[in-house]
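*Asks:* My questions concern the predicted model and sequence given below.
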Amino acid sequence: MAKVIVLAGPSGAGKSRLAERLGLPILRLDDFYKDGDDPTLPRIAHGPNQGLIDWDHPDSWLPSDAFRTIVELCEVGTADVPVYSIPDNGRVGHRLLDLVGSPLFVAEGIFAQDIVADCRAAGILGGAYCVTQQPIVTFWRRLVRDLREHRKPPLVLLRRGWALMREQGVVVTDAVAKGCTVVSPPEGYVLITRMLPAATGHDGSR
């Protein structure tokens, strides 16, 4: 049975880059967002973005679907997973994720901490980490990425990014409370690659 390495942390902190650098199969938890026309999506109640969908609220995604997929990957080694387009606010397809025999894979996303307890209880958790950097670094990286990918109008991205920067400490505290260890991207790489030689034959060099 495979096990999952969970990478949580603020948007823009470097979760995706760390996951790619590790060279393990990746389940992107952002693909489990609800579609933009879902009536249960939460709305921002205050501030300049009041009334817009709050994509940073945990009610904007489907943790039970994500957890079932993680269990399937651990037990079977393959799973059909959705492909979500953030600019389109919805699923645009699906793909087969195949672990190709790897005993470890990564599940990463801004709500990843919400599935840590279930993974631990199911005996499939290989490790759980909250990836962080200085708030201003995270703000800038997130803004550059979101502008490049045309995720939302520039003014919305700027206002959202500023609000998220101010709330980064709350995100980290929540992840720690739910079982994650705080790491910078380089620290996370070192800690996780130490697990790889025994599990995958990875020699730790990159």
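*Replies:* That came through, no problem.

*Asks:* Go through stretch 67-78 and flag the buried ones.
*Replies:* Residues of stretch 67-78 classed as buried by neighbour count (16 or more other C-beta atoms under 10 Å): 67, 69, 70, 71, 73, 74, 77. Every residue, glycine included, has its C-beta placed from N, CA and C.

*Asks:* SS state for the fourth one?
*Replies:* Reduced to three states with DSSP: H, G, I helix; E, B strand; the rest coil, the structure at residue 71 is helix.

*Asks:* wait, it sits on residue 124?
*Replies:* Yes. Residue 71 is in contact with residue 124 according to C-beta atoms under 8 Å; the separation is 6.7 Å.

*Asks:* And the helices in this structure?
*Replies:* When assigned using DSSP state H, the helices of the chain occupy the ranges 15-22, 63-76, 116-121, 135-148, 154-166, 168-177, 185-193, 196-200.

*Asks:* Residue 128 versus the residue nearest to residue 62 when sequence neighbours are not counted, what's the distance?
*Replies:* With C-beta to C-beta, 6 or more residues apart in numbering as the measure, residue 32 is the residue that lies nearest to residue 62, at 4.8 Å, once sequence neighbours are left out. In this view, residue 32 and residue 128 are 17 Å apart by C-beta to C-beta, to the nearest Å.
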